[in-house]
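[1] show me the folded form of this:
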Amino acid sequence: MAYLILADIIVLMHLGFIIFVILGGVLCFKWSKILWLHVPAFTWGAVIEFSGGICPLTPLENQLRYSGGREIYSSGFIEHYIVPIVYPDMLTRNMQIALGTLVLTINVCIYVLLIYYKTKRIKIQTGR
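    The predicted structure follows:
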């Protein structure tokens with residue numbers, strides 16, 4: 001049972017990381033220092049998608065499920081609703097490239113807006 005709970009925690013962490021990779025740049029508008037965590041995170045996410053690799057959390061989660069006596073997911077909330085988002089069955093190489101492109105596009109747009117916002121605010125404060 002403990003292995004299955006740990007596996008569920010890993011899935012939630014993985015989902016949280018994916019959300020941070022996609023939208024974490026928005027947090028930089030409020031907390032600029034998040035940038036130092038977000039840039040490596042979204043770079044990692046894009047590299048994993050473009051390379052066709054898998055996140056190290058995936059084998060860890062699978063090993064915990066196996067150790068807990070499960071080879072397939074049961075019908076629990078986490079397993080039924082969250083796992084398919086993190087580990088889609090029909091993920092193809094083209095989908096991975098599209099996801100990597102989406103991650104980069106979203107984050108470039110967020111950072112362009114962030115730079116614009118920060119430079120405009122600096123100009124207003126300095127009176128230039």
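[2] separation between the residue sitting nearest the centre point of the chain and residue 45?
    Central residue check for the chain by Cα atoms, centre = their mean: the C-alpha nearest the mean position is that of residue 18, 1.5 Å away. Per Cβ to Cβ, to the nearest Å, residue 18 is found 7 Å from residue 45. No exception for glycine: its C-beta is placed from N, CA and C like everyone else's.
[3] quick revisit: can you classify the residue nearest to the centre of the chain by secondary structure?
    Going by DSSP: H, G, I helix; E, B strand; the rest coil, the secondary structure assigned to residue 18 is helix.
[4] quick check: it touching residue 88?
    No: if you go by Cβ atoms under 8 Å, residue 18 and residue 88 don't touch, sitting 11.4 Å apart.
[5] please, where are all the helices along the protein?
    Applying DSSP state H to the chain gives helices spanning 2-23, 35-51, 57-67, 77, 83-86, 93-126.
[6] for residue 25, the count of nearby residues, please.
    For residue 25, the count of nearby residues is 24 (other Cβ atoms under 10 Å).
[7] also the one 4 residues further on?
    Around residue 29 there are 13 other residues, counting by other Cβ under 10 Å.
[8] do residue 113 as well
    Other residues within reach of residue 113, judged by other Cβ under 10 Å, total 14.
[9] now it: how far from residue 26?
    Residue 113 sits 9 Å away from residue 26, going by Cβ to Cβ.
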